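In: Compute the structure for the input listed below.
(one chain, ligands or ions: 6)
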Amino acid sequence: MKSLKSVFIFTLLALFMLQFSSLAAAADKVKYIPLREELLEPAGAAVVWDQQSQSAWFQLRSGTVGKVTVGSGMYQLGTSTGYFPATVKLVDHIIHIPKDKQFMKAINLENAVANVLDSAHQRPAKLITVTADMETEAVEQEGDAADDPAIWVHPADPGQSLIIGANKKADPGGIEVYDLEGARLGSYGVGKMNNVDVRYNFPFGNGTIDIAASTNRTSNSINIFAIDPGTGSLADITGDHLTANMEKVYGFSLYHSKRSGKFYGFITGKEGEIEQWELYDNGNGKINGRLVREIKLGSVCEGIVSDDEYGTFYVGEENVAIWKFDAEPDGGLLPQARIDVVDGIRLHADIEGLAIYYGTDGEGYLIASSQGSDRYVIYDRQSGQYVTTFMIVDGAVDGTSETDGLDVISFGLGDHYPNGIFIAQDDSNTDAEGNQQYQNFKIVSWDAIANGADAPLLIAPQDPRQLIER
Ligand code: CA
Ligand code: CA
Ligand code: CA
Ligand code: CA
Ligand code: CA
Ligand code: CA
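Out: Ligands and ions are numbered 1, 2, ... in the order given. Presented below is the predicted three-dimensional model:
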């Protein structure tokens, strides 16, 4: 009897062992694939990483949201829950999911729905060509040095407005300031500066100041300057706590919330990071920062621009898409909308500079640099719909190619530019004889772009100091 019992136990044990070893063998056989690279990126999905819950949230182009969590075999897709054959894991900081037919089928189905909707709405790209009115002096460094411009409007005499350019080659590099004739007024060698932006009426001391701020790749932080309307010179008022959390800062945009009155800087990074920093007067003649939100997209992000009136920001995930987010710090981690994708039709990688044309009554445009096609793509600011595409071709001034940063202003800048300007960095600057020069920025009057379109674009000058909440 005793022996029978022990045989029974032994058999149970053996069965259990067998079960266990075959399970282990099954887990060994599970194939893993990188979630973003193999599945989500080709599908044009947005991916954000939530460090706290070790989860990747993604939004498919159909709008459906999903989630996978490292260490868990469960996934969410829309309202349903599913199970992978094994747990999700990190390999070299990259999320890998067990290859699973059911999951891949569901994603592809969602994607097919989005494709049908897209092609139904897609309008073919239209092309306007314009020539530049003027160009700035070239930078003093060879190679890829000039990156991103910003336009500062003088409060009393718009003809005295400034073009501020970021130069990413140090010594002296840094921040360059030009007048509207393109003459360099000043150069501030504070580091390898990548993107620069401007805002008005920042509460400072007993009054307000206008500021220019820029990502500094040398110090991995933000530099902030006060703009002197009297002299057009910049004073560095960078305070404390402005060093980024991410490893390498890249793009930059300022945001002046018309909801709270607060000022923020958005920093983007090469791993898809987006950091939102609140900027404030530290009471000692400087501006300090405080990190208020971190978002993480699936791949490299640079170009970013805030729409102060609608309280949103747009970011270019360079090889993937332009995303629109809520710009308030409590605006969550997922985008509100996908404006367009890099599909070689309208956008050719990289998506580089982004800028907002503020018209009156909340109208206007979002303009993006499609670096790979030497073109600029215009979207309606309210609907996000594609409007038209333009190129700056050779004229009295050479045309532009492989543009990094750009900026636009609808407000009149004196007699030369009564309806504002568009500015673009030019990768390959040449002189009248076609000789190669160092890089610079080209200026086009907005009228030329607006009147060049099949259906003329808005010419609706809006004072950037008079923006309101919409
Ligand atoms: Ca470049
Ligand atoms: Ca800029
Ligand atoms: Ca870039
Ligand atoms: Ca760039
Ligand atoms: Ca050129
Ligand atoms: Ca030139």
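In: What is the burial count for the residue nearest to residue 274 when sequence neighbours are not counted?
Out: Excluding its sequence neighbours, the residue lying closest to residue 274 (C-beta to C-beta, 6 or more residues apart in numbering) is residue 295, at 4.2 Å. Every residue, glycine included, has its C-beta placed from N, CA and C. Neighbourhood size, residue 295 [other C-beta atoms under 10 Å]: 24.
In: Ramachandran angles for residue 295?
Out: Note on residue 295: backbone dihedrals following degrees, to the nearest 10 are phi -120, psi 150.
In: Isn't residue 178 up against residue 136?
Out: Yes - with contact defined as C-beta atoms under 8 Å, residue 178 reaches residue 136; the gap is 4.6 Å.
In: The two - which one has more neighbours?
Out: residue 136 (27 against 24).
In: my guess is the more buried one meets residue 441, correct?
Out: Yes - using C-beta under 8 Å, residue 136 is in contact with residue 441, at 4.6 Å.
In: anything in contact with each of the two?
Out: Listed contacts common to residue 136 and residue 441 are 163, 165, 178, 182; contacts here mean C-beta atoms under 8 Å, 6 or more residues apart in numbering.
In: out of the residues you listed, what pair is the most spread apart?
Out: Maximum pairwise distance in these, criterion C-beta to C-beta, is 10.6 Å, between 165 and 182.
In: Write out the residues of the stretch 101-250 of the chain neighbouring ligand 2.
Out: 148, 150, 197 (C-beta under 5 Å from the ion).
In: which one of these is nearest residue 457?
Out: For those, the closest approach to residue 457 (C-beta to C-beta) belongs to residue 150, at 21.7 Å.
In: May I have the beta-bridge partners of the closest one?
Out: The partner list for residue 150 in beta bridges (DSSP bridges) reads residue 164.
In: so who does it touch?
Out: 163-165, 196-198, 212, 407.
In: Could you export stretch 254-269 as CSV, CA atoms only?
Out: Output of stretch 254-269 as CSV, limited to C-alpha atoms (Å, rounded to 0.1, in the frame of the first residue of the first chain):
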residue,chain,number,x,y,z
LEU,A,254,8.5,78.6,-25.3
TYR,A,255,4.9,78.6,-24.2
HIS,A,256,3.0,81.5,-22.6
SER,A,257,-0.2,80.1,-21.1
LYS,A,258,-3.1,82.4,-21.6
ARG,A,259,-5.0,80.2,-19.1
SER,A,260,-2.7,80.6,-16.1
GLY,A,261,-0.4,83.4,-17.3
LYS,A,262,2.6,81.2,-16.6
PHE,A,263,5.6,80.8,-19.0
TYR,A,264,7.1,77.4,-19.9
GLY,A,265,9.9,76.0,-22.0
PHE,A,266,9.5,72.7,-23.9
ILE,A,267,12.7,70.7,-24.5
THR,A,268,12.8,67.8,-26.9
GLY,A,269,15.4,65.0,-27.1
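In: from the stretch 1-150 of the chain, which residue is nearest to ligand 4?
Out: Nearest to ligand 4 in the stretch 1-150 of the chain, going by C-beta to the ion, is residue 147, at a distance of 4.6 Å.
In: How about the chain?
Out: For the chain, C-beta to the ion, closest residue to ligand 4: residue 404, 3.5 Å.
In: so how far is residue 289 from the residue of the stretch 151-300 of the chain found nearest ligand 6?
Out: Here the stretch 151-300 of the chain gets closest to ligand 6 at one residue, residue 182, 9.9 Å apart by C-beta to the ion. According to C-beta to C-beta, to the nearest Å, residue 182 and residue 289 sit 32 Å apart.
In: Same check on residue 189?
Out: Using C-beta to C-beta, residue 189 is found at 22 Å from residue 289.
In: Can you name the residues that contact residue 140?
Out: With contacts defined as C-beta under 8 Å, 6+ apart, residue 140 is in contact with 172, 187, 438.
In: show me where pLDDT drops low in the stretch 51-200 of the chain?
Out: Applying pLDDT under 70 to the stretch 51-200 of the chain picks out residues 115-125.
In: re earlier: please, which helix or strand holds the residue of the stretch 1-150 of the chain closest to ligand 4?
Out: Assessed by DSSP states H and E, residue 147 sits inside strand 146-152.
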